[in-house]
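Give me a 3D structure for the following:
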Amino acid sequence: MKISTKGEYGIRALLELSWRYGEGYIQSSEIAAAREIPENYLYQLLISLRKAGIILSRRGPQGGHTLARAPEAVSLAEAVLALEGPLAVTACVQDDVIHDCLRSGFCPVRSVWEKVTRATQEILESTSFAQLVEEERARRKEQSPD
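Okay, here's the model as predicted:
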C-alpha cells in the first residue's frame, strides 16, 4: 500500500483539525495555510472526510470544518480508508476481489500479503489522531530553540 498525495494531504488536514479540536469550526483556508495544502484540492478531501463521518462541515461566515469526534476516537485507519480506499497491500486480499482471483486457492504469497495487510491495519487502527498530535507536539518541542 502506498499513500497518495490525497491521503497525505487529508491526514495533514485531520492533524490540523485535531490540534484545534474544541475551537469550533475551522475555515478551509486556515487548514490549507497551516498544513501547506492547495485549497482547491483540500475542498475535495474534506468532502470525502465528511461523507465518511470523520468531520462535520458548516457553511456560512461562522462555518468551516471540525472533527465529528474527539481526536482520541478517530483512528488513522479510518482516515486512510476514507481517503485511499481498502487497506489491502494487494487486490487479491481485498474481501470483494478474493473470489475473482483464479489463483487464490493455491497462491503461496497470498498468506504473506494477508499478514502484511492485517499488521498494517492493526497499526493504523491503534493509532489515533490524539497520539499523532502528541508526537508532533513533542517533535516540535525538540526542534525549537530554548
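
Give me the contact list for the lowest-mean-pLDDT helix or strand in the chain.
Across the helices and strands of the chain, mean pLDDT, DSSP states H and E gives its lowest value to helix 110-125, namely a mean of 90. If you take CB atoms under 8 Å, 6 or more residues apart in numbering as the criterion, helix 110-125 is touched by 1, 75-77, 80, 87-90, 92-93, 103-104. Just so you know, the C-beta spots here come from the backbone N, C-alpha and C atoms, and that holds for glycine as well.

can you name the two of these that are farthest apart?
Ser75 and Arg103 (32.2 Å; CB to CB).

more neighbours, the two?
Ranked by neighbour count (other CB atoms under 10 Å), Ser75 and Arg103 place Ser75 first, with 17 against 10.

can you list the contacts of helix 110-125 in JSON lines and add distance to Val116 and pLDDT?
Formatted as JSON lines, the contacts of helix 110-125 follow (distance: CB to CB, whole Å; pLDDT from 0 to 100):
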{"residue": "Met1", "distance to Val116": "9", "pLDDT": "66"}
{"residue": "Ser75", "distance to Val116": "19", "pLDDT": "97"}
{"residue": "Leu76", "distance to Val116": "17", "pLDDT": "97"}
{"residue": "Ala77", "distance to Val116": "15", "pLDDT": "95"}
{"residue": "Val80", "distance to Val116": "15", "pLDDT": "95"}
{"residue": "Leu87", "distance to Val116": "10", "pLDDT": "78"}
{"residue": "Ala88", "distance to Val116": "9", "pLDDT": "74"}
{"residue": "Val89", "distance to Val116": "5", "pLDDT": "74"}
{"residue": "Thr90", "distance to Val116": "9", "pLDDT": "74"}
{"residue": "Cys92", "distance to Val116": "12", "pLDDT": "72"}
{"residue": "Val93", "distance to Val116": "8", "pLDDT": "74"}
{"residue": "Arg103", "distance to Val116": "17", "pLDDT": "70"}
{"residue": "Ser104", "distance to Val116": "16", "pLDDT": "67"}
